[in-house]
Structure formats: structure tokens, C-alpha cells
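I would like the atomic coordinates for the input below:
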Amino acid sequence: MDQSLFTYDILAEDPATHARTGVLHTPHGDVPTPIFMPVGTKATVKGLLPSSLEQIGTKILLANTYHLSMRPGADLIAEMGGLHDFMGWRHPILTDSGGFQVFSHEEFCKLSNDGVRFRAVDYDGRWVTWTPEDNMDIAQKLGADIVMQLDQCVGYPATRRKVERSVELSSMWAERCYAAHTRPDQALFGIVQGGMHLDLRLRSLRHLEEIGDFPGYGIGGYSVGEDHDTMFESLAPLVSEHMPRTKPRYLMGVGNPTTLVRAVACGVDMFDCVLPTRTARTGSAFSSEGRLNFRHARFAHDHGPLDPACSCPTCTGGFSRAYLHHLVRQKEMLGSILISQHNIFYLLDLMRRIRESVAAGTYGAFVDDWMASPAAQDW
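As a prediction, the model looks like this:
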């Protein structure tokens with residue numbers, strides 16, 4: 001990796017919390033932090049054009065290594081010029097390792113020190129073997145700006161012995177990923193595992209720091225079945241007291257607004273989640289009034305916009321709550337598109353407001369105001 005292409009500048013730190021703002025520099029542009037990354041699993045954020053994502057302020061998005069390696073395949077994407085050209089997105093991209101998807105195959109997944117063998121039951125059913133070297137080969141062919149090491153993620157609850165094995169495997173694989181990754185215009189992030197055990201989290205982090213100079217760190221193995229208070233018992237001290245100050249910290253797979261607000265206060269910089277688009281496809285929207293479900297009959301005669309406090313194209317475009325209710329009940333694709341657009345904008349705008357509050361040194365008050373507001377009722 002060319003270190004000059006991937007630098008992280010801290011711009012401000014909040015005096016009352018551990019929140020900070022910064023800029024992550026990449027070959028395809030600068031990313032302000034804290035930031036939310038919309039998920040384009042199969043090289044598309046479902047229902048939204050790249051131009052629409054740009055319009056609502058998307059700075060970086062995520063795609064999935066497992067799904068893209070299955071179809072259309074890493075070789076084809078490389079032939080087409082890499083992910084940026086393939087999907088028509090000129091801004092930064094992060095690809096995850098695909099490990100979470102692989103290990104969700106459960107009984108069709110076999111682990112060893114060398115790697116993982118799994119059956120692609122959601123595709124053609126064939127058995128596939130991934131070593132860390134295979135995973136890095138795929139990642140480098142896809143060509144995202146930021147890629148993640150191959151790691152093992154375990155669900156919650158899990159025995160300590162199982163979590164320890166996850167840390168052991170992830171650490172071994174991180175070392176091999178670090179050695180195998182050679183693409184200079186691409187940053188490789190290590191991933192901290194360890195479940196809800198702070199001591200195992202610290203062991204995982206220590207192993208990563210001993211391996212080499214990772215330009216950033218993912219925090220995996222959360223939002224896998226535990227409640228959020230349980231998550232923060234180990235996440236808060238891990239991030240605020242132990243993770244390197246000068247490197248971006250990426251909490252993987254977490255995306256409801258209140259958890260983002262709380263995690264930023266701990267010092268987290270980057271987030272991703274399918275929640276805003278997945279819930280939109282069921283008619284559910286974030287709002288300043290809390291979570292709204294447009295399947296409910298109470299919206300059938302509502303003339304108002306989705307969220308009067310929001311300035312996204314859906315909320316300012318003349319689409320009433322009654323119309324959204326109609327689209328959702330009739331399963332029209334426009335309903336999913338409009339609510340997806342709103343939900344992503346809502347999180348991006350929340351991040352903007354957070355950055356402004358941290359820069360002003362008022363984030364402690366921001367968190368208090370948020371937790372006391374109807375918007376915090378987002379589940």
C-alpha cells in the first residue's frame with residue numbers, strides 16, 4: 001500500500017465525549033468522519049442510481065466481497081475495470097471480507113487454520129474454499145479503495161471458547177492477509193474480534209498491531225444478536241481507551257440512528273448497515289418523530305410529508321404520507337425507492353449534524369438532546 005494515498009487527519013475532538021471529526025483521504029476522494037456508508041451489496045444500493053446517491057450526499061459506499069465473487073465474479077469485474085467502472089461510482093468504495101456471509105452458512109461451513117470451506121447454498125450450491133490469500137486476490141481484483149481482512153465472526157450468545165477460537169483464527173488470517181495484500185492504491189483494514197469480552201477484544205487488537213501498520217481498523221462481531229446495552233459494555237472502553245487514536249475506527253454492520261449517536265460519543269468514525277434500505281422495502285422510515293411504518297392505516301389520509309424536519313428529495317418532493325402508504329400497501333417499487341432515499345439521507349444528514357456539533361465542542365449536549373427526543377425511538 002502507498003501510505004501517501006491513505007492518510008487520516010483528525011480535525012476536532014469533543015471535550016465532553018470521545019467523539020472526533022476527521023478526514024480520511026483515499027485515491028477516489030476525501031471522506032469526512034464520522035460517516036455512514038450506504039450498502040451496495042451486489043454493486044448497487046437497491047433502487048438508487050449513483051447520481052441519486054451523490055445528490056443526497058453519499059461520500060463512500062460499501063459492496064460485498066462474497067456476493068460479488070459468486071456473481072458476476074471477481075475476474076469479470078477486473079476485466080470491466082474494477083468496481084468503480086463496473087457500477088459507475090467515481091467516489092470511494094469499501095468492500096467487506098465476505099466473512100460474515102460465509103459464516104452465516106452455518107452447517108455448510110468448515111473452518112481450519114488454513115481458511116474456510118463453505119457451500120454456496122444461496123447460489124449454485126457448489127463447495128468453495130477461501131484461504132486468506134484467496135480472499136485478498138478477490139479483493140484486489142474488485143479494486144475498492146478500502147478492503148477488509150478475512151475474519152471469523154461468531155453470533156451471540158457464544159461460549160468463551162468459541163469466541164477465543166474466532167480471535168485466534170482472525171489473528172492468523174490477518175497476518176496472512178497483510179502479507180498477501182500488495183495493491184498499492186488500496187488500503188487493508190484489520191478487524192478486531194472478541195465478542196462481548198473486552199479482554200479478548202484487547203488480545204485481538206494487540207495481535208493486529210503486532211502484525212503491521214494497518215491504516216485503519218474494523219470492529220466486527222457486534223450487532224450479532226446482543227442488545228445494544230450489552231454491546232456498549234465492551235465497545236465503549238475498547239474504542240475510547242484502547243484503539244489507536246490516529247487510525248479510523250469502523251464499527252461494522254451497525255446502522256440505527258441512536259446507536260450511531262452513542263457510538264460516535266465513544267470515538268467511532270465509520271459505520272455501515274443494510275438497515276436503511278432493508279427496512280425501507282418493508283415500508284419503515286426513520287424520522288424526527290421516531291420510526292414510522294407506512295403500512296399502518298393511520299397514514300392513509302395524511303397530507304403531510306414523510307418528515308417535516310427533513311430536506312431530502314422525498315420529503316421536499318411533494319410526496320405525501322398518504323401516497324407513501326398507498327405505494328407500500330400496493331408493493332410498488334417507487335415506495336421502496338422513496339423511503340430508501342429518505343432513510344439514507346437521514347443517516348448522512350445525522351452524520352453531518354454530528355460533525356458540526358463535534359467541531360463546535362457541543363457533542364455532549366447533542367447526545368443528551370437526541371436521547372430525549374422522539375427520534376431516539378428508532379426501533
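
list of residues touching stretch 79-90?
For stretch 79-90, the external contacting residues (C-beta atoms under 8 Å, 6 or more residues apart in numbering) are 28-29, 40, 43-44, 50, 53, 61, 63, 68, 77, 93, 95, 141-144. Where you see a C-beta, it was placed from the backbone N, CA and C, and this is true even at glycine.

mind doing that once more with 6 Å?
With C-beta atoms under 6 Å, 6 or more residues apart in numbering as the test, stretch 79-90 has contacts from A43, P50, I77, I93, L142, G143, A144.

for these, pick the one with the most neighbours.
With neighbours taken as other C-beta atoms under 10 Å, the top of these is A144, carrying 27 neighbours.

got the phi and psi for it?
phi -70, psi 160 (degrees, to the nearest 10).

that one contacts T95, correct?
Yes. A144 is within contact range of T95, at 4.1 Å (criterion: C-beta atoms under 6 Å).

give the buried residues for stretch 137-147.
Under the neighbour-count criterion of 16 or more other C-beta atoms under 10 Å, stretch 137-147 has D137, I138, A139, Q140, K141, L142, G143, A144, D145, I146, V147 buried.

now name the helix or strand holding the third one.
Same thing as A139. Using DSSP states H and E, A139 sits within helix 132-142.

and G88, how many neighbours?
G88 - counted by other C-beta under 10 Å - has 12 other residues nearby.

okay, the contacts of stretch 79-90 in CSV with distance to D229 next?
Listed next are these as CSV, based on distance: C-beta to C-beta, whole Å:
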residue, distance to D229
A43, 36
P50, 38
I77, 40
I93, 33
L142, 36
G143, 39
A144, 33
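
would TSV of the residues you listed with distance to G364 and pLDDT be doable?
Formatted as TSV, those follow (distance: C-beta to C-beta, whole Å; pLDDT from 0 to 100):
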residue	distance to G364	pLDDT
A43	40	98
P50	37	98
I77	44	98
I93	34	98
L142	40	98
G143	41	98
A144	35	98
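
what is the helix holding A139 packed up against?
Helices and strands touching helix 132-142, as assessed by 3 or more C-beta pairs under 6 Å, 6 or more residues apart in numbering; DSSP states H and E, comprise helix 74-79, helix 160-180.

and those: which comes nearest H326?
The minimum distance between H326 and the helices and strands packed on helix 132-142 falls on helix 74-79, with 38.6 Å, by C-beta to C-beta.

in the closest one, what's buried?
For helix 74-79, using 16+ other C-beta under 10 Å, the buried residues are A74, I77, A78.

low-confidence ranges in the stretch 1-150 of the chain?
Nowhere does the stretch 1-150 of the chain drop to pLDDT under 70.

which parts of it are helices?
Along the stretch 1-150 of the chain, counting by DSSP state H, counting those that start in this stretch, helices occupy 50-55, 65-70, 74-79, 83-87, 99-103, 132-142.

tell me which helix or strand P215 sits in.
Assessed by DSSP H and E, P215 sits outside every helix and strand.

dihedrals phi and psi, it?
Per-residue torsions, P215: phi -80, psi -10 (degrees, to the nearest 10).

what sits against P50?
Residues in contact with P50 (C-beta under 6 Å, 6+ apart) are G88, W89.

so how far is R90 from it?
For P50, the distance to R90 (C-beta to C-beta, to the nearest Å) stands at 8 Å.

middle-most residue in the chain, spatially?
D272 (1.7 Å; C-alpha atoms, centre = their mean).

so what sits opposite it in the bridge?
With beta bridges defined as DSSP bridges, D272 has these partners: M37.

would you tell me which helix is longest in the chain?
When the chain is parsed with DSSP state H, its longest helix is helix 333-360.

against which helices or strands is that helix packed?
Under the contact rule (3+ C-beta pairs under 6 Å, 6+ apart), helix 333-360 is packed against strand 20-26, strand 35-38, helix 275-280, strand 284-285, helix 313-316, helix 321-329.

quick check: buried residues in that helix?
335-351, 354-355, 357-358.

which is the succeeding secondary structure element to that helix?
Later in the chain than helix 333-360, the nearest helix or strand by DSSP H and E is helix 363-371.

who touches that following helix?
Contacts for helix 363-371 (C-beta under 6 Å, 6+ apart): D14, A16, T17, A19, V261, A265, S357, A376.

which of these sits closest to S288?
Here the nearest of these to S288, counting by C-beta to C-beta, is A376; it sits at 10.4 Å.

pull the number of nearby residues for that closest one.
Neighbour tally, A376, other C-beta under 10 Å: 16.

quick check on the residue nearest to it when sequence neighbours are not counted: phi, psi?
Spatial nearest neighbour of A376, chain neighbours left out: T258 (4.9 Å); criterion: C-beta to C-beta, 6 or more residues apart in numbering. Backbone torsions for T258, taken as degrees, to the nearest 10, come to phi -60, psi -40.

same question for H303.
phi -80, psi -20.

touching, it and R321? I think so.
No. With contact defined as C-beta under 6 Å, H303 does not count as touching R321 (7.5 Å).

between those two, which one's more packed in?
Ranked by neighbour count (other C-beta under 10 Å), H303 and R321 place R321 first, with 21 against 8.

which non-adjacent residue is nearest the more buried one?
Using C-beta to C-beta, 6+ apart and skipping residues adjacent in sequence, the residue nearest R321 is D302, 3.7 Å away.

I figured L205 hits V192, correct?
Yes. With contact defined as C-beta under 6 Å, L205 reaches V192; the gap is 5.0 Å.

tell me, how many residues neighbour the nearest residue to F345 once chain neighbours are set aside?
Spatial nearest neighbour of F345, excluding adjacent residues (C-beta to C-beta, 6+ apart): C312 at 3.7 Å. Neighbourhood size, C312 [other C-beta under 10 Å]: 22.
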